[in-house]
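[1] predicted coordinates and the sequence they were generated for:
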Amino acid sequence: MSQYRLNYLEQLEAESIHIFREVAAQFERPALLFSGGKDSITMVHLAKKAFAPGKIPFPLVHIDTGHNFPEALEFRDWLANEVGATLIARKVEDTIKQRNLTEPKGKFPSRNWLQTYTLLDTIEEFKFDCCIGGARRDEEKARAKERIFSVRDEFGQWNPKLQRPELWNIYNGRIHKGENVRVFPISNWTELDIWNYIRAEKIDLPSIYFAHEREVVEHEGQLVAMSEYVRLDADDVVIKKQVRYRTVGDMTCTAAVESTASTLDDVINEIISTKISERGETRIDDKVTEAAMEDRKKNGYF
Amino acid sequence: MDLLRFITAGSVDDGKSTLIGRLLYDSKNILIDQLEQLEKSTKNRADGEIDLALLTDGLRAEREQGITIDVAYRYFTTPKRKFIIADAPGHVQYTRNMITGASNANLIIILIDARLGVIEQTRRHSIIASLLKIPHVVVAINKMDLVGYSQDLYNNIVIDYADVAKSLGLKDITYIPISALNGDNIVDKSEKINWYDGKALLQHLEEVEVNTDVNLNNSRFQVQYVIRPQTEELHDYRGYAGKVISGIYKTGDKVTVLPAGIETSISKLEVGGKEVEEVFAPQSVTIQLADDIDISRGDSIVKSTDIPQTNNEVEVLMCWLDDKPLQTGNKYYLQHNSRLVRSVVRNIEYKLDVNTLQKEAVEGNVKLNEVVKATIKTASPLVFDSYQHISGNGSAILVDETSNSTVAAVLFAPNP
Ligand SMILES: Nc1nc2c(ncn2[C@@H]2O[C@H](COP(=O)(O)OP(=O)(O)O)[C@@H](O)[C@H]2O)c(=O)[nH]1
Ligand SMILES: [Mg+2]
């Protein structure tokens, strides 16, 4: 009836843009943590809109585990160039050498845990006082309770018992020296909201989000991309399958789903009819304990 | 498809977590792996039933103690609406968490245990709903299964609650008899409660009109950030980025910049970098003005025909949120949207008993969860409206200068 009415995606967009602008105004050295996945790509799109016609007033920071999909890295470089943003990439590989860390073992050696070291070193190197992350509250139970502005101590730790009350749309980003704030502008979006927004805004994505043929090994019901980082057992069979990814992380800790969805419409239809949530389907390391995420967050993980 | 934000309130064990779990479960917003986790967590239970409350009780301490400590946000979608639920704890010591969750809500579900009826907690939660001006109230009378689905009992509770609502001036109240555990009147209408002729809870949530909650009459806008690209093509570009708090702005509108009081007009409006003719609440927009004026973050741009108050003293109702009590005489930062000013709290007139609304004398310092009437004096002027009139321009927080914690929720120019 009224022309003055926003649909839910427009409301979410307005809220996220508001948050981005608060970050730019409240912090001296913010950075956007860019993982290469659809959530961070959506964030870059929102940031672009927030500051148009100006450029995004903070760098994109990528913590490169060295286990990334080549398609995702290529896309990252293209996107940074496209929006005219500064890209800072730091390699977990280098942290491992500098700090003499122990490489993860196992069949699918994941450097996910080690990212935290590189991230904290990067924050230190550039004296970032705010890191913008793409976590969504629908991803996981501990995240459901995290504020949009989430203060971390000098060790990058989150203390769930000492969260600041966050009222109305007022965000308190004041911190002491050495502390920093993690800000999550897309907290209130769900996976499906992100996909619908990508469709509505015609946002470009790396090709691995769409069905393609790939060599995979089956491991406990999940499909893992064959790569130089995977250590095969004698009885493993490498098979070719039509797959796509729902999240883009490390090649060793992100599983593919069998799919023939080659367009955005196909992907969205698949998600609507799917019965397994995003983290459960594609994170190989999350099943370990129920409190896994809470523990990681307390230790400075994104 | 639009968006509804709601909060669930009730005292411990009234069934908030179960209700939310039920809404997610029955509207098919729980997925297999989350269910598996749930079943794993429930294995130790004697009755072997899955415990829907575990879906929302996320932090380890909560799972161990079996209570909800912090506000948890949940999401679900039906073909008609996207819903954001704030699941807040009910104990009196968690009033601050409830206020946090309630501050953004369009609707509150107040749960009442049918066996207990209207109790002190019900009253407190209703008082908070009325103070924060939550536009829509649902009174869900839960655990109807434990009272044999008795219509008489239900009617008595409705009569009792209507008294509370009347004394608080709460409007748009909907009563629904439910059993969260069994799913009666949650997603589908219950056959066991055939004497009830209203809607099931979910249908009500899908259909309640929320667009009229947005104030489109009084135009309020605060500058968050000044966009100055300073490139060759955009050499003179100066855009004032911010959120339309309320109302509508059109190109050509005569506006006044406050607190400076300078008049000018709108030369261009943009949303996400695209030029538009008009913008409205709650859009995030960029405004360009006809004249070159010195404007910075926290300044207001309002239509010249409808000007808010500008003052460096404001009467407030304030809920203290910090473990450390208010230190009278100490300076606090007051953050009014994007405007940050130093302030001091004066004249604490009385304390409001949140269980009875009685005004009481304040002895000693203002402590955690206490609601007081006071005056705040600021180092530079605020441009504001009463919370009752335009909540988005009538609310603020206090920040402790030394700890940086958010220590108070502030409502400007209250009535009571
Ligand atoms: N019989 C019955 N029990 C219920 C109902 N709703 C909740 N409960 C039970 O009441 C207890 C407390 O529920 P919970 O959802 O944790 O309450 P909360 O503290 O408000 O979150 C649990 O044992 C539930 O199973 C109901 O409609 N009927
Ligand atoms: Mg609970």
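    On my side now, so go ahead. Numbers count the residues shown, from 1 in each chain, chains lettered A, B, ... in the order given. Ligands and ions are numbered 1, 2, ... in the order given.
[2] what ranges do the helices span in chain A?
    A:8-26, A:38-51, A:70-83, A:92-99, A:115-126, A:191-201, A:264-273, A:278-282, A:292-298 (DSSP state H).
[3] show me where chain A dips below the pLDDT cut-off.
    Of all residues in chain A, those with pLDDT under 70 make up the ranges A:1-2, A:104-113, A:140-142, A:156, A:160-161, A:226, A:228-232, A:249-253, A:274-302.
[4] count of residues packed around the closest residue to residue A:152 other than its chain neighbours?
    If the residues on either side of it in the chain are set aside, residue A:152 comes closest to residue A:180, at 5.5 Å by CB to CB, 6 or more residues apart in numbering or on different chains. Every C-beta, even on glycine, is put in place using the N, C-alpha and C of the backbone. Here the number of neighbours of residue A:180 (other CB atoms under 10 Å in any protein chain shown) works out to 26.
[5] repeat that for the one 10 residues further on.
    Residue neighbour count, defined by other CB under 10 Å, stands at 23 for residue A:190.
[6] surely it meets residue A:138?
    Yes. Counting by CB atoms under 8 Å, residue A:190 does reach residue A:138; the two are 4.4 Å apart.
[7] any shared contact partners between the two?
    Common contacts of residue A:190 and residue A:138, defined by CB atoms under 8 Å, 6 or more residues apart in numbering or on different chains, comprise residue B:75.
[8] closest to residue B:348 out of the helices of chain A?
    helix A:8-26 (29.8 Å; CB to CB).
[9] other SSEs contacting that closest one?
    helix A:38-51, strand A:130-132, helix A:191-201, strand B:2-9, strand B:225-227, strand B:239-246, strand B:284-289 (3 or more CB pairs under 8 Å, 6 or more residues apart in numbering or on different chains; DSSP states H and E).
[10] next one: the fifth one to chain centre, how far?
    Think strand B:225-227. With CA atoms, centre = their mean, to the nearest Å as the basis, strand B:225-227 stands 27 Å off its chain's centre.
[11] apart from its neighbours in sequence, what residue is nearest the residue nearest to the spatial centre of chain B?
    Central residue of chain B (CA atoms, centre = their mean): residue B:103, 2.0 Å from the mean position. Excluding its sequence neighbours, the residue lying closest to residue B:103 (CB to CB, 6+ apart) is residue A:167, at 4.2 Å.
[12] so that neighbour touches residue B:105, yeah?
    No. With contact defined as CB under 8 Å, residue A:167 does not reach residue B:105; the gap is 11.4 Å.
[13] more neighbours, these two?
    residue A:167 (26 against 23).
[14] got phi/psi on the more buried one?
    The phi and psi values for residue A:167, taken as degrees, to the nearest 10, are phi -110, psi 150.
[15] residues contacting it?
    B:99, B:100, B:103, B:395, B:397, B:406, B:409.
[16] now do 6 Å
    B:100, B:103, B:397, B:409 (CB atoms under 6 Å, 6 or more residues apart in numbering or on different chains).
[17] not counting its neighbours along the chain, what's nearest the first one?
    For residue B:100, the nearest residue in space outside its immediate sequence neighbours is residue A:165; the separation is 4.5 Å by CB to CB, 6+ apart.
[18] ditto for residue B:292
    Using CB to CB, 6+ apart, the closest residue to residue B:292 is residue B:238 (7.6 Å).
[19] what's around that neighbour, how many residues?
    17.
[20] ok, it to chain A distance?
    The spacing between residue B:238 and chain A, counted by CB to the nearest CB, to the nearest Å, is 11 Å.
[21] same check, this time on residue B:380
    Taking CB to the nearest CB, one finds residue B:380 at 17 Å from chain A.
[22] confirm that that residue sits in a strand.
    Yes. Remark: residue B:380 belongs to a strand, assigned using DSSP: H, G, I helix; E, B strand; the rest coil.
[23] surely it meets residue B:340?
    No. The pair residue B:380 / residue B:340 is not scored as a contact, 9.8 Å apart, by CB atoms under 6 Å.
[24] more neighbours, the two?
    Legend: neighbour count by other CB under 10 Å for residue B:380 and residue B:340, higher for residue B:340 (19 against 12).
[25] kindly report the residues of the stretch 1-150 of chain A close to chain B.
    A:4-5, A:7-8, A:11, A:14, A:17-18, A:21, A:24-25, A:49, A:52-54, A:137-138, A:141-142, A:144-145 (CB under 6 Å from any CB of the partner chain).
[26] report the buried members of those residues.
    For the residues of the stretch 1-150 of chain A next to chain B, a burial check counting by 16 or more other CB atoms under 10 Å in any protein chain shown picks out A:8, A:11, A:14, A:17-18, A:21, A:24-25, A:49, A:52, A:54, A:137-138, A:141-142, A:144-145.
[27] the stretch 151-300 of chain A: strands as residue ranges?
    Counting by DSSP state E, counting those that start in this stretch, the stretch 151-300 of chain A has strands at residues A:180-183, A:212-219, A:222-225, A:238-244, A:255-258.
[28] brain fart, the stretch 251-400 of chain B
    B:254-258, B:262-271, B:274-276, B:278-280, B:284-289, B:300-303, B:309-320, B:331-336, B:339-352, B:359-360, B:371-384, B:395-400.
[29] now do the first one against strand B:262-271, angle only.
    So the one you mean is strand B:254-258. Going by axes from the mean of the first three to the mean of the last three CA atoms, to 10 degrees, strand B:254-258 is angled at 110 degrees with respect to strand B:262-271.
[30] number of nearby residues for the residue lying closest to residue A:125 once chain neighbours are set aside?
    Once flanking residues are discounted, residue A:125 sits nearest to residue A:90: 7.8 Å by CB to CB, 6+ apart. Neighbours of residue A:90 under the rule other CB under 10 Å: 18.
[31] ok, residue A:90 touching residue A:122?
    Yes. Counting by CB under 6 Å, residue A:122 is a contact partner of residue A:90 at 4.7 Å.
[32] follow-up on the earlier one: any chance of the helices and strands packed on helix A:8-26 in CSV, plus distance to ligand 2?
    CSV is the format used below for the helices and strands packed on helix A:8-26 (distance: least, CB to the ion, whole Å):
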stretch, distance to ligand 2
helix A:38-51, 29
strand A:130-132, 31
helix A:191-201, 25
strand B:2-9, 9
strand B:225-227, 39
strand B:239-246, 32
strand B:284-289, 34
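[33] now for these, which one comes closest to residue B:166?
    Smallest distance to residue B:166 across the helices and strands packed on helix A:8-26 (CB to CB): 18.9 Å, for strand B:2-9.
[34] what's the domain layout of the chain?
    Since you didn't name a chain, this refers to chain A. Residue ranges for the domains of chain A, per automatic domain parsing: A:2-193+A:291-298, A:206-287.
[35] look at chain B instead
    B:2-213, B:220-303, B:309-412.
[36] may I see those organised as JSON lines, with distance to residue A:85 and mean pLDDT added?
    Supplementary listing: the domains of chain B in JSON lines, determined by distance: least, CB to CB, whole Å; pLDDT from 0 to 100:
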{"stretch": "domain B:2-213", "distance to residue A:85": "29", "mean pLDDT": "84"}
{"stretch": "domain B:220-303", "distance to residue A:85": "14", "mean pLDDT": "96"}
{"stretch": "domain B:309-412", "distance to residue A:85": "24", "mean pLDDT": "93"}
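[37] what about those, which gets the closest to residue A:216?
    When these are compared by CB to CB, domain B:2-213 sits nearest residue A:216, at 19.8 Å.
[38] quick one: end-to-end length of the closest one, please.
    This stretch, domain B:2-213, spans 13 Å end to end (CA to CA, to the nearest Å).
[39] check stretch B:210-228 too.
    Terminal-residue distance, stretch B:210-228 (CA to CA): 36 Å.
[40] does any bit of it sit next to chain A?
    Yes. Stretch B:210-228 reaches chain A (CB under 6 Å from any CB) through B:211, B:216, B:224, B:225, B:227.
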